[in-house]
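Trainee: I'd like to go over a predicted model; first the sequence, then the structure.
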Amino acid sequence: MSQRSCLSIILAAGEGTRMKSAVPKVLHTIAGLPMVAHVVKAAEAAGSGELALVIGHGADEMRKAALKFAPKAEAFVQEKRLGTAHAVLAARAAISKGYDDILVMFGDTPLIDPEALAAARLKLAEGAAVVVVGFRTENPSGYGRLIEKAGRLVAIREEKDCSDEEKKITFCNGGLMAVAGRHALNLLDQVGSKNAKGEYYLTDIVEIAAAQGLDVVATEASFENALGINNRAELAQAEGIWQARRRREAMLSGVTLIAPETVFFSHDTEIGADTIVEPNVWFGPGVKIATGAKIHAFSHIEGATIASNCDVGPFARLRPGADLRTKAKVGNFCEVKQAIVEEGAKVNHLTYIGDARIGARANIGAGTITCNYDGYSKFFTDIGEGAFIGSNSSLVAPVSIGKGGYIASGSVITESVPDDALAFGRARQRTLAGKGKELRERFSQAAAARKKG
Ligand code: UD1
Ligand code: CA
């Protein structure tokens, strides 16, 4: 099948307003990726090399956004929203190039399964002219019904055009269609607009093809394949389904999720086998985790690379550019941004590390802060291998601590410290014998005097 050429046409014109948003509907995200990009990914996974994106008039934002996730896609503008067949024909120039298979998908139906696409393509390869991916539902209202006669698909009837009898049909059009390239333009050009909505319905090609004696086939896929997003409640529903799929995939690939329903992945999270993820962990975009890591509860991780056997959290925040090497530890209430934590280094408690390198096996004490920002620019802190930073120290960047350097607790370090040196950056302690007692007496007498008068 892979030898067959394939064009995917993704319809994304005709926005509803129900998202109540300044952002075009299909750019709303699921797992951090615009829903239309999910459709693009599915098309690519099903072996579709070419992409045509049909957008509405004035959809410049869409066009720009599309370039990011589908640089190869060609955008076509449907000037007026005259129906799904009309929208497909906006990409006439692409269709005319001649493809074996043409897939039509909707930009607001993000959970389509590449396997459903591949199954439809297989039917085309076996000789079908039109393949409709259907699904069964107890509540078919709003969907086009698949009309079968003697076990053969003969038409799709839109809800508004259905007879009462037809409305009872529960086998519905999921919106995903595959058309043999050599028949596509011929069929599409015959579609008229005599129906309840006065639109050019893509679904009419089924009846047209069947009447010409061409082979028309319905396949069946799960409901998710047809889940169209029209408002933010449906967006959240799709997010839930996506996350459930991804969690299962992670677990089957060897990742332990103790409470899977509380772990949220990004579309691009990479996570190795034997990693354990405790409850309530959030992965933003760009996270790569190798094998055998432990991600403790309530950690928030984005743009971070975590090598094997690292230990993160609980309550850790790893921000973009956090790069933890083998067996590094970032513990509770620590934030790491744009910093390398080398092999075996420990950042265990209540610490901020930003714009820094922490050498192998260095120990960063509780409450250490890299002061990386002066309100205008960011500066770098370099901490050498095996250094020890005493608790509650501030390292005012730019500054470096040499290999094996030792910083006394509570220091404010403004000058670089050479290898193996000991640095105190705090006032020397004074201890005055008996003065504590004397002070207490003075204070208590003063308080008593105030009470009296
Ligand atoms: C469509 C199908 C219906 C199916 C349902 C599944 C048709 C005629 N009907 O109905 O059988 O059960 O999807 O969800 O195809 N669009 C354009 N330009 C247009 C019209 C639509 O780009 O002129 C795009 C929309 O942005 C949307 C998609 O096509 O992404 C579907 O259009 P919509 O009007 O939502 O079709 P439905 O009535 O839901
Ligand atoms: Ca719809």
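Mentor: Noted; the coordinates are in hand. Ligands and ions are numbered 1, 2, ... in the order given.

Trainee: wait, T414 sits on V399?
Mentor: Yes - with contact defined as C-beta atoms under 8 Å, T414 reaches V399; the gap is 6.8 Å. C-beta coordinates here come from the backbone N, C-alpha and C atoms, glycine included.

Trainee: so which of these two has more stuff around it?
Mentor: V399 (21 against 13; other C-beta atoms under 10 Å).

Trainee: could I get the contacting residues of the more buried one?
Mentor: Counting by C-beta atoms under 8 Å, 6 or more residues apart in numbering, V399 makes contact with 381-382, 413-417.

Trainee: distance of it relative to ligand 1?
Mentor: 55 Å (C-beta to the nearest ligand atom, to the nearest Å).

Trainee: again with G390
Mentor: Distance, G390 to ligand 1, using C-beta to the nearest ligand atom: 60 Å.

Trainee: could you give the number of residues near K168?
Mentor: For K168, the count of nearby residues is 10 (other C-beta under 10 Å).

Trainee: gap between G367 and L318?
Mentor: When distance is defined by C-beta to C-beta, to the nearest Å, G367 is 19 Å away from L318.

Trainee: the more surrounded of the two?
Mentor: L318 (29 against 18).

Trainee: just to check, the more buried one is in contact with T305?
Mentor: No - if you go by C-beta under 8 Å, L318 and T305 don't touch, sitting 9.2 Å apart.

Trainee: quick one: low-confidence ranges for the stretch 201-350 of the chain?
Mentor: Along the stretch 201-350 of the chain, the model assigns pLDDT under 70 to no residue.

Trainee: what residue in it comes nearest to ligand 1?
Mentor: Y201 (3.6 Å; C-beta to the nearest ligand atom).

Trainee: next: the chain.
Mentor: For the chain, C-beta to the nearest ligand atom, closest residue to ligand 1: G144, 2.3 Å.

Trainee: now do that residue, the pLDDT please.
Mentor: You'll see G144 listed with a pLDDT of 96.

Trainee: now it: phi and psi?
Mentor: The phi/psi pair for G144 (degrees, to the nearest 10) reads phi -70, psi 140.

Trainee: thinking again about what came up before, got any residues that touch both of L318 and T305?
Mentor: Common neighbours of L318 and T305 (C-beta under 8 Å, 6+ apart) are L324.

Trainee: ok, G198 to D161 distance?
Mentor: 11 Å.

Trainee: repeat for S391
Mentor: For S391 relative to D161 (C-beta to C-beta), the value is 74 Å.

Trainee: same question for stretch 71-89: list its buried residues.
Mentor: 73, 75-76, 78, 82-89 (16 or more other C-beta atoms under 10 Å).

Trainee: what ranges does the stretch 51-200 of the chain have for its helices?
Mentor: Here the stretch 51-200 of the chain has its helices, by DSSP state H, counting those that start in this stretch, at 60-69, 84-89, 92-95, 114-125, 164-167, 181-189.

Trainee: count of neighbours near the closest residue to A119 other than its chain neighbours?
Mentor: Closest residue to A119 apart from its sequence neighbours, by C-beta to C-beta, 6 or more residues apart in numbering: T219 at 5.4 Å. Other residues near T219 come to 19 when the count uses other C-beta under 10 Å.

Trainee: quick check, T219 in a strand?
Mentor: Yes - according to DSSP: H, G, I helix; E, B strand; the rest coil, T219 belongs to a strand.

Trainee: which strand residues bridge it?
Mentor: T219 has the following beta-bridge partners by DSSP bridges: V133.

Trainee: for R92, which non-adjacent residue is spatially closest?
Mentor: R92 sits nearest to L185 (C-beta to C-beta, 6+ apart), 7.0 Å away.

Trainee: try A366
Mentor: A366 sits nearest to H349 (C-beta to C-beta, 6+ apart), 3.9 Å away.

Trainee: need the phi and psi values for that neighbour.
Mentor: Dihedral angles for H349 - degrees, to the nearest 10 - are phi -140, psi 130.

Trainee: close enough to count as contact, it and E335?
Mentor: No - counting by C-beta under 8 Å, H349 does not reach E335; the two are 11.8 Å apart.

Trainee: higher neighbour count, the two?
Mentor: Each of H349 and E335 has its neighbours counted (other C-beta under 10 Å); E335 has more, 19 against 16.

Trainee: roughly how far does the more buried one sit from A304?
Mentor: 11 Å.

Trainee: quick one: residues contacting the residue of the stretch 201-350 of the chain closest to ligand 1.
Mentor: 83-85, 156, 158, 191, 193, 195.

Trainee: which residues of the stretch 251-400 of the chain lie near ligand 1?
Mentor: The stretch 251-400 of the chain has no residues near ligand 1, with proximity defined as C-beta under 6 Å from any ligand atom.
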